[in-house]
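K.L.:
generate coordinates for the sequence data below:
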Amino acid sequence: MASPLLVPRRGVTHVGIIKIDPANIDKFLQAFRACWLEVCKEPECIYFEVFHSKTEPGRFQFVEVWNKDNDWFMEVQIKKDYYKPYWDITRPLWVDRDLHEYDRLSGFNFVDDRYLEGSVKAKGELHETRSSSYELTPPY
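P.N.:
Residues are numbered from 1 along each chain as shown. Just a heads-up that it's a prediction; the model follows:
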């Protein structure tokens with residue numbers, strides 16, 4: 001019998017790691033930012049956060065949470081046109097890539113408001129002008 005603590009919430013979470021040569025960080029992030037903005041505007045995307053390793057420059061971790069299942073993601077979302085420029089630019093930069101699919105467990109989710117300070121908190125805050133004025137300033 002399954003544990004009552006392992007009840008998944010509806011949707012899917014993707015956790016990925018992409019490693020690139022640190023010399024290509026700016027190029028990678030510029031291409032990624034344009035795609036990230038479009039993904040975050042999708043009504044099914046409910047969370048998308050990006051991390052950069054403090055100890056391993058060029059190692060990025062991504063966490064995406066969707067309110068649809070992985071079948072929907074593979075059949076509908078991943079086929080959107082805005083992924084192609086991102087892939088065309090960044091795939092040659094990848095040294096390694098590792099992606100995993102997870103169920104988000106009910107009752108194990110906590111976010112303190114302080115964590116979200118300075119973050120985009122609503123889809124209405126995502127604007128094209130934000131992308132064009134975005135500056136990458138080390139440390140990433």
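K.L.:
so E49 is in contact with V63, correct?
P.N.:
Yes: using C-beta atoms under 8 Å, E49 is in contact with V63, at 5.0 Å. Every C-beta, even on glycine, is put in place using the N, C-alpha and C of the backbone.
K.L.:
with neighbour numbers in mind, choose between these two.
P.N.:
With neighbours defined as other C-beta atoms under 10 Å, E49 and V63 compare such that V63 has more, 14 against 11.
K.L.:
show residues contacting the helix or strand where the more buried one lies.
P.N.:
For V63, the host element (DSSP states H and E) is strand 59-66. For strand 59-66, the external contacting residues (C-beta atoms under 8 Å, 6 or more residues apart in numbering) are 11-20, 28, 39, 44-53, 72-73, 77, 104.
K.L.:
switch the cut-off to 7 Å
P.N.:
Strand 59-66 is contacted by residues 11-19, 44-53, 73, 104 when judged by C-beta atoms under 7 Å, 6 or more residues apart in numbering.
K.L.:
so of those, which ones are in helices?
P.N.:
F73 (DSSP state H).
K.L.:
report the buried members of the contacts of strand 59-66.
P.N.:
The neighbour-count criterion (16 or more other C-beta atoms under 10 Å) marks 11-14, 17-19, 45-46, 48, 50, 73, 104 among the contacts of strand 59-66 as buried.
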